[in-house]
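Trainee: Just a sequence and a predicted model for now, questions to come.
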Amino acid sequence: MKEQIKEKFKVLKVAFPYTIPVLTGFIFLGMAYGILMKSKGYGVGWTVLASLLIYAGSAQYVAITFLTSIFNPLYAFVMTLMVNARHLFYGISMLDKYKNTGKLKPYLIFGMCDETFSIVCSAEPPKDIDRSWFYFFITLLNYVYWVVGSAIGALLGSLITFNTKGLDFVLTALFVVIFVGQWKSQKDHKPSVIGVLCSVICLFIFGPSNFIIPSMISIMAVLSILQRKYEKEGIKKEVMQ
Amino acid sequence: MTLTPFQALIIFLVATLATMITRFLPFIIFKDTKSNNRYISFLGQVLPYSAIGLLVVYCLKNVNFKAPTNWLPEAIAVIFIVILHNWKENVLLSIGAGTIIYMILVQFVFI
């Protein structure tokens, strides 16, 4: 038993450094969320409840608009589905990695936010580290940062005095770094290029608040064409990696 | 507070349910799909790359070209991160330095 706990702690120590950028970003963004909730009349209890249950930053921000207007759960449901549709991509990407994670799997899926996905899909833990638990601790640590950050914001938001403008860029930086890391590790850059190009084109056509779902559809369409082309050319799976 | 506590709770539960659907759905749909389904396994291989590309654009979605302050800080910081990370390959250094540069730019340079 003691041995097991020691083993888990070792995995936790390996996982932690991967989450440091998220620690910074989530404490700050969580606080911003707590402050905003407080300003709408929802105290720390409501804030923590939302972070524990919903655990999706953009959806939680959208939910505020539903808390402060006429009661309309159906619209809230549809809007949340649309805001979070990108998670579908993460799920498909993780089908394989999460296949043999056993009893941890439901929690890994529950906690798969943008940040957790981006770390899990790019991080390569050392060989002697249990992958399932490595993924678990990354998921759990990010979850804790978000919940704690939003609680701090709701409790002490008004006491913050230093200028935090631009600090939220830490999460953009995280994704850019992961993008560059992926780029360097892959021979075939088409999937990355397709992801960026389809999104940029849809952003120009549909605007910042409506471009996610068209982007996902166009990415799927182009990837399907690519797959057919590869099948025709008989390119083996190995080339993709 | 415009909603009653009960109504607020319903909103939270509905938002939770919708979020969980988006996260669990692929695992439920493809539960019985064996890894020999070539299309799904192809998507599983390439989507992580496309999805991170989408995520980068998503984070930069409010950038626009109406004024230099609306895009220059982002452009400088992103280019800086790309060059630094390509060179040093140190994740925390790239993220930390990139964020500090961005904060300096939006707080002191492009006000």
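Mentor: Nice, I can see it.
Trainee: Could you report the neighbour count for residue 75?
Mentor: No chain was given, so I picked chain A. For A:Tyr75, the count of nearby residues is 14 (other C-beta atoms under 10 Å in any protein chain shown). C-beta here means a position set from N, CA and C on the backbone, and glycine is covered the same way.
Trainee: sorry, should have said chain B
Mentor: 13.
Trainee: Output the below-cut-off pLDDT ranges for chain A.
Mentor: Residue ranges of chain A with pLDDT under 70: A:158, A:160-162, A:235-241.
Trainee: center of it - which residue?
Mentor: A:Asp114 (1.2 Å; C-alpha atoms, centre = their mean).
Trainee: Do I have it right that that residue meets B:Leu54?
Mentor: No - under the criterion of C-beta atoms under 8 Å, A:Asp114 is not in contact with B:Leu54, lying 10.0 Å apart.
Trainee: Give me the common contacts of the two.
Mentor: Jointly contacting A:Asp114 and B:Leu54 under the rule C-beta atoms under 8 Å, 6 or more residues apart in numbering or on different chains are A:Arg86.
Trainee: What residues of stretch B:11-29 count as buried?
Mentor: Buried positions in stretch B:11-29, judged by neighbour count with 16 or more other C-beta atoms under 10 Å in any protein chain shown: B:11-12, B:14-27.
Trainee: Next secondary structure after the lengthiest helix in chain A?
Mentor: Using DSSP state H to define each element, chain A has its longest helix at helix A:2-39. For helix A:2-39, the following helix or strand on the C-terminal side (DSSP states H and E) is helix A:44-53.
Trainee: and that next one, how far from the chain's centre?
Mentor: 18 Å (C-alpha atoms, centre = their mean, to the nearest Å).
Trainee: For burial, what's the neighbour tally of the residue of chain A found nearest chain B?
Mentor: At 2.5 Å from chain B, A:Gly195 is the closest residue in chain A, using C-beta to the nearest C-beta. Per other C-beta under 10 Å, the neighbour tally for A:Gly195 reads 29.
Trainee: ok, which stretches of chain A are helices?
Mentor: Assigned by DSSP H, chain A shows helices spanning A:2-39, A:44-53, A:57-67, A:73-83, A:87-94, A:105-110, A:114-122, A:131-156, A:169-185, A:190-206, A:212-233, A:237-240.
Trainee: Which positions in the longest one come out as buried?
Mentor: Counting neighbours by 16+ other C-beta under 10 Å, one finds that the buried residues in helix A:2-39 are A:11-12, A:14-15, A:18-38.
Trainee: Out of these, which are close to chain B?
Mentor: A:Tyr18, A:Ile20, A:Pro21, A:Thr24 (C-beta under 8 Å from any C-beta of the partner chain).
Trainee: Out of the residues you listed, the closest to A:Thr172 would be?
Mentor: Checking those against A:Thr172 by C-beta to C-beta gives A:Pro21 as the nearest, at 10.4 Å.
Trainee: and that closest one, what is it in contact with?
Mentor: Neighbouring residues of A:Pro21 by C-beta under 8 Å, 6+ apart: A:Val170, A:Leu171, A:Ala173, A:Leu174, B:Val91, B:Leu92, B:Ile95.
Trainee: and what of A:Phe134?
Mentor: Each residue near A:Phe134 by C-beta under 8 Å, 6+ apart is listed here: A:Val11, A:Val14, A:Ala15, A:Ala123, A:Pro125.
Trainee: which residue packs closest to the second one, ignoring adjacent ones?
Mentor: The reference is to A:Val14. A:Ile129 (5.4 Å; C-beta to C-beta, 6 or more residues apart in numbering or on different chains).
Trainee: Same question for the fourth one.
Mentor: The spatially closest residue to A:Ala123, leaving aside those adjacent along the chain, is A:Tyr18, at 5.3 Å (C-beta to C-beta, 6+ apart).
Trainee: tell me, how many neighbours does the closest residue to chain A within chain B end up with?
Mentor: Closest to chain A within chain B is B:Gly53: 2.5 Å, counting by C-beta to the nearest C-beta. Neighbour count of B:Gly53, defined by other C-beta under 10 Å: 26.
Trainee: element containing it, please.
Mentor: helix B:38-59.
Trainee: show me what contacts the closest residue to B:Leu93 other than its chain neighbours?
Mentor: Excluding the flanking residues, the one nearest B:Leu93 by C-beta to C-beta, 6+ apart is B:Leu84, at 7.0 Å. By C-beta under 8 Å, 6+ apart, the residues touching B:Leu84 are B:Leu93, B:Ser94, B:Ala97, B:Gly98.
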